[in-house]
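**Student:** Got a sequence here, can you build the structure:
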Amino acid sequence: MSIYSLVSVFFGPVQSWSRWARLSGAFLLGYFSTSVASAAGLVVSNSGDVLQVTMSSPGTITDLRTAVSGGGSTLTITAAHSGSSITLSGAPTGVSTNGSNTVTVDLLTFSTFAGINVVGSSSADTITIGTGGVDLSTTTGGAANQSFTINTGSGADVVNLSNLIKTKGTGAVSITSESLDGAGLITAPTVTLAAATGIGATNRLNLAATTIAANSTNGRVYLNNISASAVTVSSLTTKDTLGVGGSHLIKFDQTGGGAITFSNVSTVGTSLVPGGGWGSIQISNTGANLTVGSALMTGSDSVMEVRTIT
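**Tutor:** Sure thing, here's the model as predicted:
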């Protein structure tokens, strides 16, 4: 019996069977697509020597933190999240997961490990640094310099920096989101912050850095920094197109004894605030020199207050 005849016996005429196969395939594709979407979570992969944690769909990471064990040779990353799983992509060397909320990095096997990069989805995400924070400074394995990065991408995103972040060696911190807030301490030689609606607007961010850039499209930028060494703030900018109001649009206070230089500080006020433009800037340094290279304020009631405190 021919293959054509067998197909006809079991499935009917070939033309009908082909149509059934196409429909069934479409149904199965839809089923599996739905199943994958409903099981969305975090995907862990390598981006060069950096371990990348990607949110595969909009959601929250309610508790992002690290712990070091094994004499500094094992790094455990906890990422409690709203999805249902953590999966590995590309079989990163020395990396394993419990499948739900932790990732373990064997730093003797992954000897070139150079940090963590958390990537948001294409829509609204919230990431919170949990109790104990993210601390790479005590690892004995991996690279000499280990960085930490968050980039939530586009969407109504929030990063809650409520606990410490500390890198290793010259590893930098870079955090990009719609809103950055929280009173945790970020310790790294270089810190770069970028937001859309404010940085430290509700709870001032605390830094311990020597090179800083903090720029927001709108809203308040409120920062403290502590350093015994000289500090350079390469860019400190924002504007108020939302009419948020308040005494200052930028506040930056330096302590610790190190001199500080602001290369570029600028604000743009708005007529939405009753009484004027409100683009005011307040910057200070306690116990050392303060230098401003370039400052620009736009707004009818804007003032700049520069203080060195002894």
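
**Student:** what separates the residue nearest to Ala114 when sequence neighbours are not counted from Gly71, distance-wise?
**Tutor:** Distances taken as C-beta to C-beta, 6 or more residues apart in numbering place Asp49 nearest to Ala114, at 4.0 Å, with adjacent residues excluded. Quick note: C-beta positions are derived from backbone N, CA and C, even for glycine. According to C-beta to C-beta, to the nearest Å, Asp49 stands 21 Å off from Gly71.

**Student:** So the two - more neighbours on which side?
**Tutor:** For the pair Asp49 and Gly71, the greater number of neighbours falls to Asp49 (14 against 10), based on other C-beta atoms under 10 Å.

**Student:** By residue count, what's the longest strand in this protein?
**Tutor:** Ranked by residue count under DSSP state E, the longest strand found in the chain is strand 59-69.

**Student:** Please name every helix or strand in contact with that strand.
**Tutor:** For strand 59-69, the packing partners by 3 or more C-beta pairs under 8 Å, 6 or more residues apart in numbering; DSSP states H and E come out as strand 74-81, strand 115-119, strand 125-129, strand 134-135.

**Student:** and with 7 Å instead?
**Tutor:** With contacts defined as 3 or more C-beta pairs under 7 Å, 6 or more residues apart in numbering; DSSP states H and E, strand 59-69 has these neighbours: strand 74-81, strand 125-129, strand 134-135.

**Student:** before we move on, the earlier item: quick one: the residue nearest to Ala114 from Thr255, how far?
**Tutor:** The gap separating Asp49 from Thr255 is 35 Å, by C-beta to C-beta.

**Student:** and if you look at Ser47?
**Tutor:** 36 Å.

**Student:** circling back: pop out the phi and psi values for the residue nearest to Ala114.
**Tutor:** Asp49 adopts backbone torsions of phi -100, psi 10, taken as degrees, to the nearest 10.

**Student:** same thing with Ile212?
**Tutor:** According to degrees, to the nearest 10, Ile212 has phi -130, psi 140.

**Student:** do you know how far the residue nearest to Ala114 is from Thr192?
**Tutor:** Distance, Asp49 to Thr192, using C-beta to C-beta: 19 Å.

**Student:** So for the residue nearest the centre of the chain, what's the pLDDT?
**Tutor:** By C-alpha atoms, centre = their mean, the chain has its centre lying nearest to Ile150, at 2.1 Å. Looking at Ile150, its pLDDT is 98.

**Student:** which residues does it contact?
**Tutor:** Val118, Ile127, Val159, Ile175, Thr176, Ser177 (C-beta atoms under 7 Å, 6 or more residues apart in numbering).

**Student:** same thing with Ser73?
**Tutor:** Applying C-beta under 7 Å, 6+ apart to Ser73 gives the contacts Leu107, Leu108, Thr140, Gly141.

**Student:** Please enumerate the helices of the protein.
**Tutor:** Applying DSSP state H to the chain gives helices spanning 3-11, 14-38.

**Student:** These: lowest mean pLDDT?
**Tutor:** Across those, helix 14-38 has the smallest mean pLDDT, namely a mean of 36.

**Student:** Show me where this structure dips below the pLDDT cut-off.
**Tutor:** For the chain, the stretches with pLDDT under 70 are 1-40, 241-247, 270-278, 294-310.

**Student:** let's see it at 50
**Tutor:** The model of the chain has pLDDT under 50 over residues 1-39, 275-277, 300, 310.

**Student:** okay, the contacts of Ile150 in JSON lines with distance to Thr210 and neighbour count next?
**Tutor:** Below are those laid out as JSON lines (distance: C-beta to C-beta, whole Å; neighbours: other C-beta atoms under 10 Å):
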{"residue": "Val118", "distance to Thr210": "24", "neighbour count": "24"}
{"residue": "Ile127", "distance to Thr210": "26", "neighbour count": "26"}
{"residue": "Val159", "distance to Thr210": "22", "neighbour count": "28"}
{"residue": "Ile175", "distance to Thr210": "17", "neighbour count": "25"}
{"residue": "Thr176", "distance to Thr210": "21", "neighbour count": "19"}
{"residue": "Ser177", "distance to Thr210": "23", "neighbour count": "27"}
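
**Student:** Export those as CSV, with columns for distance to Ser229.
**Tutor:** Below are those laid out as CSV (distance: C-beta to C-beta, whole Å):
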residue, distance to Ser229
Val118, 28
Ile127, 30
Val159, 27
Ile175, 22
Thr176, 26
Ser177, 28
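
**Student:** Distance of the closest residue to Leu161 other than its chain neighbours relative to Asn203?
**Tutor:** In space, Leu161 comes closest to Gly182 once its chain neighbours are excluded; the distance is 3.6 Å by C-beta to C-beta, 6+ apart. Using C-beta to C-beta, Gly182 is found at 5 Å from Asn203.
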